[in-house]
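J.: 3D, please:
(one chain, ligands or ions: 2)
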Amino acid sequence: MNKNTLLYAGKAKSVYTTDDDALLVLEFRDDTSAFDGKKKEALARKGRVNNQFNAFIMEKLADAGIPTHFVKLLSPHEALVKNLKMLPVECVVRNRAAGSLVRRLGVEEGLALNPPVFEFFLKNDALSDPMINDAHIISFGWATEEQIAGMKALTLAVNDVLTKLFDDGEMILVDYKLEFGVIDGQLVLGDEFSPDGCRLWDKKTLEKLDKDRFRQDLGNVIEAYEEVGRRIGVTFN
Ligand code: TMP
Ligand code: ASP
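T.: Ligands and ions are numbered 1, 2, ... in the order given. Coordinates of the predicted model:
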């Protein structure tokens, strides 16, 4: 599959066209960003680690019946994916309180949330990804009622699969963010799942093993991502 022209360069990934309009190449770069792109750094090995981590997770999700855009790995830092029309919203599920929920509601970090909390955010760095609700999504035409229901159901189905996967690796899946797109009228999981877009804590020590290490300058960011991968059975090349 030929990687043709650059279609879009995001903060951590670049998207290229291929000879087939239905397929794209995702290039995972070493660039790492936080706080809506205000904090940026290139971290060695990050592109390949996240690409291979994401491939492993997407395959687990597909095995569980969740439709994903992932087709196959092309190289250590590139993947072939289906060309989706992305919806401009981010779906967050929280099993424990952390991050913006703690800041917004003043609850203690680590508080268990039963049932898990689902939140929508608008994908817009200039506005710092504001939290939105179903009514905003409908009124502004960002997605349909049916797509909203589908995103909630799929994001919670992902929670069942991944909570168990990470628990087996002695980790707590604290929260995560997913993005969806549409292809031939079907809602499909897009973007990526990696320690860049979730929070993972060691079950016993509660050590942070995700992008909070970068946000909070805790060091050993990629070493932690590799440790998470190793614990769930990812082999890195
Ligand atoms: P938050 O605590 O900052 O709202 O984030 C909740 C989870 O979603 C956390 O694991 C980080 C992830 N997330 C992103 O990766 N990108 C985003 O733009 C947002 C809003 C959340
Ligand atoms: N990935 C987003 C950004 O680069 C959100 C974050 O992780 O803070 O701003």
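J.: Helices of the chain, residue ranges please.
T.: Remark: helices assigned in the chain by DSSP state H are 46-63, 99-105, 134-139, 145-168, 212-215, 221-232.
J.: What degree of burial does the residue nearest to Asn159 when sequence neighbours are not counted show, as a neighbour count?
T.: When the adjacent residues along the chain are set aside, Asn159 lies closest to Val93, with 5.1 Å between them (Cβ to Cβ, 6 or more residues apart in numbering). Placement of C-beta: from N, CA and C, glycine included. Other residues near Val93 number 24, with proximity taken as other Cβ atoms under 10 Å.
J.: Likewise for Thr18?
T.: Residues lying near Thr18 (other Cβ under 10 Å) number 19.
J.: residues touching the nearest residue to it once chain neighbours are set aside, list them.
T.: In this structure, Thr18 finds its nearest non-sequential neighbour in Met1, 5.1 Å apart by Cβ to Cβ, 6+ apart. By Cβ atoms under 8 Å, 6 or more residues apart in numbering, the contact list for Met1 reads 18-20, 23, 25, 74, 80.
J.: Spell out which residues of this structure are next to ligand 1.
T.: Applying Cβ under 6 Å from any ligand atom, we find that the chain lies next to ligand 1 at 90, 92, 98-101, 121, 129, 175-177, 197-199.
J.: which helices and strands sit right next to whichever strand in the chain runs longest?
T.: Scanning the chain for the strand with the most residues, using DSSP state E, yields strand 112-122. Packing partners of strand 112-122 (3 or more Cβ pairs under 8 Å, 6 or more residues apart in numbering; DSSP states H and E): strand 89-96, strand 131-132, helix 134-139, helix 145-168.
J.: Try it again at 6 Å.
T.: strand 89-96, strand 131-132 (3 or more Cβ pairs under 6 Å, 6 or more residues apart in numbering; DSSP states H and E).
J.: Dump those strands to TSV, plus mean pLDDT.
T.: Below are the helices and strands packed on strand 112-122 laid out as TSV (pLDDT from 0 to 100):
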stretch	mean pLDDT
strand 89-96	98
strand 131-132	98
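J.: Point out the most buried one among the ones you listed.
T.: Counting by mean count of other Cβ atoms under 10 Å, strand 89-96 has the highest mean neighbour count of the helices and strands packed on strand 112-122, with a mean of 22.
J.: That strand near ligand 2 at all?
T.: No. Judged by Cβ under 6 Å from any ligand atom, strand 89-96 and ligand 2 are separated, with a smallest distance of 9.2 Å.
J.: Alright, that wraps it up for me.
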